[in-house]
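Chemist: when you get a sec, could you give me coordinates for this:
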Amino acid sequence: MLAIIGGTGLTTMAGLDVIKRHSAETPLGAASAGVVHGTLHGRDILFLARHGHPHKLPPHRINYRANLWALKQAGATRAVGVNVVGGIDPSLAPGRLVVPDQVIDYTVGRECTYFDGRFKPLKHIDFSWPYTASLRAELLNAGKKASEALEDGGVYGCTQGPRLETAAEIARMAMDGCRMVGMTGMPEASLARELAIDYACLALVVNPAAGVAEGEVNLADIEAVIAAGIGRIQRVIEAMLD
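Modeler: Residues are numbered from 1 along each chain as shown. Reported below is the predicted structural model:
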């Protein structure tokens, strides 16, 4: 079953006919919210608000392990993480939708594995290609069906948050090859891999990252781009189900 992990601005799914609301409790503590099982366009789908509903959890305080575990318990076999990002590549203007194909993790101190020797025995996973190719292809095809131009590929740089990055940090990330920057892409992607859940990211560019454009990052402008982009994201998801 497909699961949608909603990021900033997407704490509910419009048009979702709710069948069941699962408890947020897991063996790893509470998920950000209970998983909602419903139907959209006649298809079963799961939804989880990454930051809680209402939006309350900063990126570094999210219990990513509990979130992915809750989705697995509810029957998720595939998951699309919806993220808002800043554009490091100047071609990624606000409003662009991107399906990244790589990730660099700059976060620190997050509980990032189930195989920690306590909850589960130590085990290594291959993470050469962090996003599932078939699910990425589905997203890109859904974009075409929904008449939404999705940017194919790019490196997502995941930072700690909740503060935005400095211009120097963004310059460093650009040298590392990052095209976009966000705060919630990891360890979500690697935890999905550990649970054998196919995973892909649908990212909405909401601002030029620090130093990419003149002046400071305007938070009011970010909110306006999010508000305008949520409906487009919903159309892509609906096209996936169709």
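Chemist: what lies in contact with the lengthiest helix in the chain?
Modeler: Ordering each helix of the chain by length in residues (DSSP state H) puts helix 219-241 first. The contact list for helix 219-241, computed with Cβ atoms under 8 Å, 6 or more residues apart in numbering, reads 2, 4, 8-10, 13-15, 40-43, 45, 80, 82, 84, 94-95, 97, 138-139, 142-143, 145-146, 148, 150, 202, 204-207. In this view, the C-beta of every residue, glycine as well, is placed from N, C-alpha and C.
Chemist: go through the residues you listed and flag which are in strands.
Modeler: 2, 4, 40, 43, 45, 80, 82, 84, 97, 150, 202, 204-207 (DSSP state E).
Chemist: does residue 197 really touch residue 77, like I thought?
Modeler: Yes: with contact defined as Cβ atoms under 8 Å, residue 197 reaches residue 77; the gap is 6.4 Å.
Chemist: in the longest helix of the chain, what's buried?
Modeler: With burial defined by 16 or more other Cβ atoms under 10 Å, the residues of helix 219-241 counted as buried are 222, 225-226, 229-230, 232-240.
Chemist: repeat that for stretch 125-144.
Modeler: Using 16+ other Cβ under 10 Å as the test for burial, stretch 125-144 gives 130, 131, 132, 135, 136, 138, 139, 140, 142, 143.
Chemist: not counting its own residues, what contacts it?
Modeler: With contacts defined as Cβ under 8 Å, 6+ apart, stretch 125-144 is touched by 78, 80, 97, 99-103, 115, 149-150, 152, 189-190, 193-194, 198-202, 236-237, 239-240.
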